[in-house]
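J.: Below are the sequence and a predicted model; questions follow.
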Amino acid sequence: MYSGHVMPEQITLTTPENIELKFPVAGLYSRGLAQFYDFVYQCIAIMVGSFALLSMGFSARFFGPLYVALSFLLYFAVFWLYYIYYDVYHDGQTPGKRRLGIRVVTMDGGRVGWAASIARNLLRPVDFLPLGFLAGMVTILFSKHHQRLGDLAAGTIVIRDAEALPTPLQAES
Amino acid sequence: MTDRTDTPAVGFDDCLTLIESADPADRRRGTAQLERFHETRALRVALALANDPDEEVRETAREVAGTLRRAGVEITAGKPLRRVVATDTLLSSPEVMDETFFLWRRNRKDIVTAWALTDAPQILFGLGLFTMPAFGVRFHPGSEAFFWAAVLFTIIQLLMRPFAWMLMGRGFIGSFPDREAQTIAARRISGLEYLGFFQMQIIASGPLIAGFGFVIFVAGDIAPFAFILYLLFFLAYHSYTYTLMPRQLIENGDVFRSIRGLLNDGAEGYRFQRHVYMSFLWFMAVSYTAMLMSGSVLFETWLNRFRDAELLGVLILADALLDQFWIGWQITVARLLRNGGFRARVA
């Protein structure tokens, strides 16, 4: 823990019970690093999956169309369902996000549902445009709540996994 | 939960007296009675008590705050609130890096303006490299053009870095709300300040520039081996001295004062600097790789080539672009060191 004159960005979310909760927002670096870790895990999963297919006797030579279809299914599962699965069933934390201590929540601080997760992940390729996740980085840097395009469309936000506290009293100017 | 049914009716001041009492029972009673006052001041007090160490007071206060809000009491009805979160804690080195982006966002107009002014020569230099093949200039390590480009780039760096720190540094430090930071941000620019930064630049970067020059132009056949040694030297020296420039910005004195500050932090300070340095190295490595890959794709598509001149041009433009965050990150680390924040680190 480092203390000093710093000001981590916070967001105040109002729950459906009308209670305001403050969360520290995850910054560009933490999000980028989490994405990097997830990408590494996905590559490992692809390698393991491909090896499993081959070891089960599937190969392009003997099972041409079936092998291609299974490979596509594997890629789809790893690169698309991965995020949706972890968003919905692991409280908005992919393994990469867990490593960095961040999570996705809805704008009222709740868990991410199917619709929101599908929306934010369908727009992931748009955030990637034109190259190197540029659109996503620019929108994170400039949007009010550090949201990428997918977050803006789905109404989600990435926060630090800290204990949520009700808004404390602030001194008047 | 405190029973509120048999509490006697009291005025708001009596209620505050109860809350300020040393007796826990009185405090709980006072907190519960806040619910009677459908006013902003009651909501303010309830929210302040929502973090109280006494669990019962805390629970009651949260419930009261919810009740008052549902009754239409709003905290924004009074004077505008001032942000007072000037001191906080960062839990990890990625958070130090995140903080840099937060700082950039808070004062981006000033920072980007300062960046455009002070990094313009470097940007023009990088763009100029792209035009070299068009003029038929042979550009590769060891060529005459490469030598003069290196000399020109070194001169640009040595002369412009002090300006970059004076302007961008002020922009970044102006993002902090505390009085000391605001005083530094509002300080008048002077020739003496430039001189201080220039001297510090020589101390912080001189050995690194000399070492790089040796590897490229002198090492000859042992260049690969020399480069590995240089990298080790770079990491050791740079991870120790990278807070010298922000210290100079904060101290605004003679360079020895800033160096003394670095030495006074001792081995503990160095460990902290080295620890957070790794997150920045990650950031630089990933950013440079992404930009080089993007650059190579663009140049291969448009020009069907991506060789020495273009590669160096992209690297120099990437360096100019990341300069803003590099300066901001150094300032964040230096301020954590200055306030003794690294001593509170929990392993």
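T.: Great, that's in hand. Everything numeric here is computed off the predicted structure, so don't read it as measured data. Numbering: from 1, shown residues only, chains lettered A, B, ... in the order given.
J.: Not counting residues beside it along the chain, what's closest to the residue in chain A that chain B sits nearest to?
T.: Here chain A gets closest to chain B at one residue, A:Gly27, 2.6 Å apart by C-beta to the nearest C-beta. In short, each C-beta sits where N, CA and C put it, glycine included. Leaving out its chain neighbours, the residue that sits closest to A:Gly27 by C-beta to C-beta, 6 or more residues apart in numbering or on different chains is B:Asp98, at 2.6 Å.
J.: okay, the residue of chain A closest to chain B: pLDDT?
T.: Here, the pLDDT recorded for A:Gly27 equals 88.
J.: returning to that earlier point: run through who's touching the strand or helix carrying the residue nearest to A:Gly27.
T.: Taking DSSP states H and E as the definition, B:Asp98 sits inside helix B:93-106. Contact partners of helix B:93-106, identified using C-beta atoms under 8 Å, 6 or more residues apart in numbering or on different chains, comprise A:2, A:6-9, A:26-30, A:33, A:100, A:141-142, A:160, B:90, B:111, B:172, B:175-176, B:275-276, B:278-280, B:283, B:324-325, B:328-329, B:331-333, B:336.
J.: Please report the distance of the residue nearest to A:Gly27 from A:Leu28.
T.: B:Asp98 is 7 Å from A:Leu28, where distance means C-beta to C-beta, to the nearest Å.
J.: So for these two, which residue has more residues nearby?
T.: B:Asp98 (30 against 22; other C-beta atoms under 10 Å in any protein chain shown).
J.: before we move on, the earlier item: tell me which helix or strand comes right after the helix holding B:Asp98.
T.: Using DSSP H and E, the helix or strand that follows helix B:93-106 in sequence is helix B:108-118.
J.: in that next one, what's buried?
T.: Neighbour-count burial for helix B:108-118, counted by 16 or more other C-beta atoms under 10 Å in any protein chain shown, picks out B:108, B:110-111, B:114-115, B:118.
J.: what's the answer for stretch A:94-114, then?
T.: A:94, A:96-107, A:109, A:111-112.
J.: Of these, which pair is most distant in space?
T.: The most widely separated members of those are A:Arg99 and A:Met107, with 24.5 Å between them, by C-beta to C-beta.
J.: what's near enough to touch B:Ala185?
T.: Contacts of B:Ala185 (C-beta under 8 Å, 6+ apart): B:170-171, B:173-174.
J.: quick one: which of those is nearest to B:Arg187?
T.: Comparing the contacts of B:Ala185 against B:Arg187 with C-beta to C-beta places B:Arg170 closest, at 7.5 Å.
J.: The residue nearest to A:Gly27 and B:Ser279: what is the separation?
T.: Relative to B:Ser279, and taking C-beta to C-beta, B:Asp98 is found at 9 Å.
J.: And B:Gly128, by the same measure?
T.: For B:Gly128, the distance to B:Ser279 - C-beta to C-beta - is 33 Å.
J.: Spell out which residues are contacts of both of B:Asp98 and B:Ser279.
T.: With C-beta under 8 Å, 6+ apart, B:Asp98 and B:Ser279 have common neighbours A:Tyr29.
J.: Which other helices and strands does the helix or strand containing B:Met200 contact?
T.: Taking DSSP H and E as the criterion, B:Met200 maps to helix B:191-213. Judged by 3 or more C-beta pairs under 8 Å, 6 or more residues apart in numbering or on different chains; DSSP states H and E, the packing partners of helix B:191-213 are helix B:144-173, helix B:223-241, helix B:244-251, helix B:255-302.
J.: what pLDDT does the residue nearest to A:Gly27 get?
T.: So, for B:Asp98, pLDDT stands at 88.
J.: By neighbour count, sort out the buried ones in the contacts of helix B:93-106.
T.: By 16+ other C-beta under 10 Å, those give A:2, A:6-9, A:26-30, A:33, A:100, A:160, B:90, B:111, B:172, B:175-176, B:275-276, B:279-280, B:283, B:324-325, B:328-329, B:331-333, B:336 as buried.
J.: domain parsing for chain B?
T.: B:12-77, B:93-344 (automatic domain parsing).
J.: Determine the number of other residues adjacent to B:Leu124.
T.: B:Leu124: 11 neighbours (other C-beta under 10 Å).
J.: Also B:Trp148?
T.: With other C-beta under 10 Å as criterion, B:Trp148 counts 10.
J.: do B:Leu103 as well
T.: Neighbour number of B:Leu103 under other C-beta under 10 Å is 25.
J.: Give me the spatial nearest neighbour of it, chain neighbours excluded.
T.: Using C-beta to C-beta, 6+ apart, the closest residue to B:Leu103 is B:Ser175 (4.1 Å).
J.: So the one you found versus A:Phe72, what's the distance?
T.: Counting by C-beta to C-beta, the gap from B:Ser175 to A:Phe72 is 48 Å.
J.: Can you name the residues that contact residue 35?
T.: Here I'm looking at chain A. A:96, A:133.
J.: oops, chain B please
T.: Residues near B:Glu35 by C-beta under 8 Å, 6+ apart: B:4, B:42, B:64, B:67-68.
J.: Now these in TSV, please, with extra columns for pLDDT and neighbour count.
T.: Formatted as TSV, these follow (pLDDT from 0 to 100; neighbours: other C-beta atoms under 10 Å in any protein chain shown):
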residue	pLDDT	neighbour count
B:Arg4	47	17
B:Ala42	84	21
B:Val64	85	25
B:Thr67	79	16
B:Leu68	80	24
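J.: Which ones, among those residues, also lie beside chain A?
T.: Subset of the contacts of B:Glu35 in contact with chain A: empty, counting by C-beta under 8 Å from any C-beta of the partner chain.
J.: can you list contacts of stretch B:320-329?
T.: Against stretch B:320-329 from outside (C-beta under 8 Å, 6+ apart): B:96-97, B:100-101, B:103-104, B:111-112, B:115, B:119, B:122-123, B:126, B:164-165, B:168-169, B:172, B:245-246, B:280, B:283-284, B:287, B:291.
J.: next one: stretch A:76-84
T.: By C-beta under 8 Å, 6+ apart, the list of residues contacting stretch A:76-84 reads A:38, A:42, A:45-46, A:49, A:94, A:114, A:117-118, A:121, A:124.
J.: now the helices for chain A?
T.: Ranges of helices in chain A, per DSSP state H, are A:28-55, A:64-76, A:82-89, A:95-100, A:114-122, A:124-128, A:134-142, A:149-154.
J.: Could you check how far stretch B:275-291 is from the centre of its chain?
T.: 14 Å (C-alpha atoms, centre = their mean, to the nearest Å).
J.: Need the CA coordinates for that stretch. CSV is fine.
T.: Provided in CSV are the C-alpha atoms of stretch B:275-291 (Å, rounded to 0.1, in the frame of the first residue of the first chain):
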residue,chain,number,x,y,z
HIS,B,275,9.2,-1.9,-7.7
VAL,B,276,6.9,0.6,-9.5
TYR,B,277,9.4,0.9,-12.4
MET,B,278,8.4,-2.5,-13.5
SER,B,279,4.8,-1.5,-14.2
PHE,B,280,6.1,1.4,-16.3
LEU,B,281,8.4,-0.9,-18.2
TRP,B,282,5.4,-3.1,-19.0
PHE,B,283,3.5,-0.1,-20.2
MET,B,284,6.3,1.1,-22.4
ALA,B,285,7.0,-2.4,-23.8
VAL,B,286,3.4,-3.1,-24.7
SER,B,287,2.8,0.5,-26.1
TYR,B,288,6.0,0.5,-28.2
THR,B,289,5.2,-3.0,-29.5
ALA,B,290,1.6,-2.0,-30.4
MET,B,291,2.8,1.1,-32.2
